[in-house]
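S.K.: return a 3D structure for these sequence lines:
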Amino acid sequence: MARAALPGTSLRLARLSGHGDGRFLLVPLDHSVSDGPIGTADGYDALVRDIVAGGADGIVVHKGRARLLDQRLLTRCSLVVHLSASTAHAPDADAKVLVADVEEAVRLGADAVSVHVNIGSDTEAAQLADLGAVASACHRWGMPLLAMIYPRGPRLADPTVPGLIAHVAAVAADLGADLVKTVYAGSPDRMAEVVATSPLPILVAGGADGRQELGDFARTALAAGCRGLAVGRRVFTSRSPADTVRELAGIVHGPGELSGPTDTPLTTTSRLAGVL
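M.R.: Sure, this is the predicted structure:
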């Protein structure tokens, strides 16, 4: 069902779904804040070029890294600026804090922003407040908001319970997000239960445990009704990130998209098709 959106939000969402089909393949690269460098500085640049060449719709990076990117790559790939952070060295790595704002992302030319929220963490209340505040700013600026929202905390025994994942997706919708990235529920049937409750497109996180081959994992997620993937670690640690992204693009968007988008921008009408 189409939802009312500001023109700026609509146009940016259309750019974020670069193939005009309302599906999304994002590659998060924000791990350098949480876990440390992703290879060498030169290797990072080469990685981004491979991701773009493979046909990803967008990359997710922090504000400082966005300023260091080769801007020519962003004519073929959308930019999502991640606004929250924590490191693996903190007393509570699940405690996310805001380290950037929507206005900074606008100045960087972002197509969307993302915020990480851990439902069930000891700092859940502060993270919910941050999500609500960012959603309000996104509405003022016409900026799409991706909520990276997970059931994650010391009192959650099984984060793959469909009702629990559906709850966190509902939180994202109710507090003003436009897209949801969350965990996979373990099987297509269980994930379909989650998708059926969500008024927002759901992008499934990349299955970092590696128990299922990535291509099979992607197919099962799409079969469950997910509108895309957000896969980071299993892309940048793969033997060939370009080939990995190309395979995923073929699954998300269809085999005709294996070569990735061209430098020629789509018309506004075609890019909006299937997104709103």
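S.K.: from now on I want contacts and neighbour counts done on CA atoms only, so please keep to that.
M.R.: Fine.
S.K.: give the other helices and strands that the helix or strand containing Asn118 contacts.
M.R.: Using DSSP states H and E, Asn118 maps to strand 112-119. Helices and strands touching strand 112-119, by 3 or more C-alpha pairs under 8 Å, 6 or more residues apart in numbering; DSSP states H and E, are helix 7-16, strand 78-82, strand 84-85, helix 102-107, helix 124-141, strand 145-151.
S.K.: touching, Lys96 and Ser84? I think so.
M.R.: Yes - the criterion here is C-alpha atoms under 8 Å, and Lys96 meets it with Ser84 at 6.0 Å.
S.K.: so what sits against both of these two?
M.R.: His116 (C-alpha atoms under 8 Å, 6 or more residues apart in numbering).
S.K.: so Ala100: helix, strand or coil?
M.R.: Put simply, Ala100 is coil when judged by DSSP: H, G, I helix; E, B strand; the rest coil.
S.K.: for it, what are its contacts?
M.R.: Per C-alpha under 8 Å, 6+ apart, neighbours of Ala100: Lys63, His82, Leu83, Ser84.
S.K.: top of those residues by neighbour count?
M.R.: Neighbour counts for these (other C-alpha atoms under 10 Å) peak at His82, which has 31 neighbours.
S.K.: flag every buried residue along stretch 148-167.
M.R.: 148-153, 159-167 (16 or more other C-alpha atoms under 10 Å).
S.K.: how about the nearest residue to Leu13, chain neighbours excluded?
M.R.: Nearest non-adjacent residue to Leu13, counting by C-alpha to C-alpha, 6 or more residues apart in numbering: Pro144, 6.4 Å away.
S.K.: the one you found and Leu200 touch, don't they?
M.R.: No - counting by C-alpha under 8 Å, Pro144 stays clear of Leu200, with 12.0 Å between them.
S.K.: list the residues that contact both of those two?
M.R.: Asp178, Leu179.
S.K.: and the strands in the chain?
M.R.: For the chain, applying DSSP state E gives strands covering 24-28, 58-61, 78-82, 84-85, 97-98, 112-119, 145-151, 179-182, 202-205, 228-230.
S.K.: which of those sits closest to Pro241?
M.R.: Smallest distance to Pro241 across those (C-alpha to C-alpha): 10.4 Å, for strand 24-28.
S.K.: name the strands paired with that closest one and say parallel or antiparallel.
M.R.: In the sheet, strand 24-28 lines up against strand 58-61 (parallel), strand 228-230 (parallel) (DSSP bridges).
S.K.: so where is this protein shaky, pLDDT-wise?
M.R.: 1-4, 207-210, 256-276 (pLDDT under 70).
S.K.: how many other residues sit next to Asp178?
M.R.: 23.
S.K.: and stretch 232-247, which residues are buried?
M.R.: For stretch 232-247, by 16+ other C-alpha under 10 Å, it's Gly232, Arg233, Arg234, Val235, Phe236, Pro241, Ala242, Asp243, Thr244, Val245, Arg246, Glu247.
S.K.: His82 touches Val117, doesn't it?
M.R.: No - His82 is beyond contact range of Val117, at 11.9 Å (criterion: C-alpha under 8 Å).
S.K.: if we go by neighbour counts, what in the strand holding Asn118 is buried?
M.R.: Ala112, Val113, Ser114, Val115, His116, Val117, Asn118, Ile119.
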